[in-house]
Structures are given as structure tokens and as C-alpha cells.
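Asks: 3D model of this:
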Amino acid sequence: MSREKKKDYFISLQIHDEIVFDMPKGSTPSENLPIALECKRLMNLSGTDIGIPLSVDVSFHPENWSKKIDVEEILNAAV
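Replies: Below you'll find the predicted structure:
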């Protein structure tokens with residue numbers, strides 16, 4: 001992948017059981033959706049090997065922390 005097309009994704013904050021990922025701003029909230037859904041899937045699976053169920057919530061905060069968009073809203077809008 002060329003440097004111009006490379007996108008940077010970071011874990012910008014982790015407090016207790018909350019992880020905040022910083023993803024490049026896209027033209028639509030659904031642009032990073034495949035990566036967010038894969039992260040959710042992997043995190044949901046992370047407790048199965050030791051028998052601890054793990055529930056993961058994914059939401060986007062495009063403008064500020066008080067206004068979030070749930071992944072389910074994005075998926076329903078795409079249908």
C-alpha cells in the first residue's frame with residue numbers, strides 16, 4: 001500500500017474496560033465500519049478461550065463525546 005493511501009488507526013485511550021480507537025475521519029460514518037465490526041468481533045471472542053463471556057459495544061463519536069452514533073443505526077441506514 002502506498003503512503004498516500006495508508007490510513008492510521010490508534011488506540012488513543014484505555015481506562016478499565018473501555019478502549020477508545022482513533023480512526024481517520026471518512027466521508028461517511030460507515031467508511032470505518034468494517035474495521036470497527038472486526039474489532040468488535042475479535043473482542044467478543046477474546047473471553048471465550050477462558051470461559052468468560054464478553055459483551056462489546058461499538059459507537060462512533062464524530063463531533064464530540066456527548067453525541068454518539070450506534071453501529072446498529074449505521075447498519076440500518078445502509079439497508
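Asks: Give me the residues contacting the helix or strand of the chain with the lowest mean pLDDT.
Replies: Of all helical and strand segments in the chain, the minimum by mean pLDDT, DSSP states H and E falls on helix 71-78, at a mean of 77. Residues from elsewhere that reach helix 71-78 (Cβ atoms under 8 Å, 6 or more residues apart in numbering): Pro29, Ser30, Leu33, Ala36, Leu37, Lys40, Val58, Ser59, Phe60. For every residue, glycine as well, the C-beta is placed using N, CA and C.
Asks: For the most centrally placed residue in the chain, give its distance to Ser46.
Replies: Nearest to the mean C-alpha position of the chain, counting by Cα atoms, centre = their mean, stands Ala36 at 3.3 Å. Counting by Cβ to Cβ, to the nearest Å, the gap from Ala36 to Ser46 is 16 Å.
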